[in-house]
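>>> Here is a sequence together with a model predicted from it:
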Amino acid sequence: MDARQFAAGMKTLANEDEAVQAGRVRGERRRNARRRVDFAAYESVLERNAELAAACGACVCFGQPHCPDCGGEGKPGWQVPDASLFRQYVAPVLGRLGAAQDEERQHRHDSPWAGQSASL
């Protein structure tokens, strides 16, 4: 092998090393971008959980026994709910439940068996 072939071989190795390094950098960038997206999604869930807890008057742990903030006491109703968050998150559910109960009562009232007791 002469000096030119050796130099060409070394250049190829250098290019391969650069390509490998560039690939590692691109992969690391992709992983970091994914982590940022995952962290942003995680933060969003934490924020929503905190809002729902406040709407229910609960600690963000919802009463888990080893919570350093509430010591496990922070179940819904533990403190006064945040009124605006209650209206946003809880009131629509209560409204839906009320409508469902009204429909159920109406259905029982319309039944041919309404008002009759079962006797054997």
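Great, that's in hand.
>>> This structure: helices as residue ranges?
Applying DSSP state H to the chain gives helices spanning 3-56, 83-85, 91-110.
>>> so can I have TSV of these showing mean neighbour count, mean pLDDT and distance to Gly77?
(Glycine included, C-beta is placed from N, CA and C.) Shown next, in TSV, are the helices of the chain (neighbours: other CB atoms under 10 Å; pLDDT from 0 to 100; distance: least, CB to CB, whole Å):
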stretch	mean neighbour count	mean pLDDT	distance to Gly77
helix 3-56	11	77	7
helix 83-85	13	96	14
helix 91-110	10	81	14
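>>> Point out the one among those that comes closest to Cys70.
helix 3-56 (10.3 Å; CB to CB).
>>> quick one: which of the helices of the chain is nearest Gly74?
Nearest of the helices of the chain to Gly74, taken as CB to CB: helix 3-56 at 7.8 Å.
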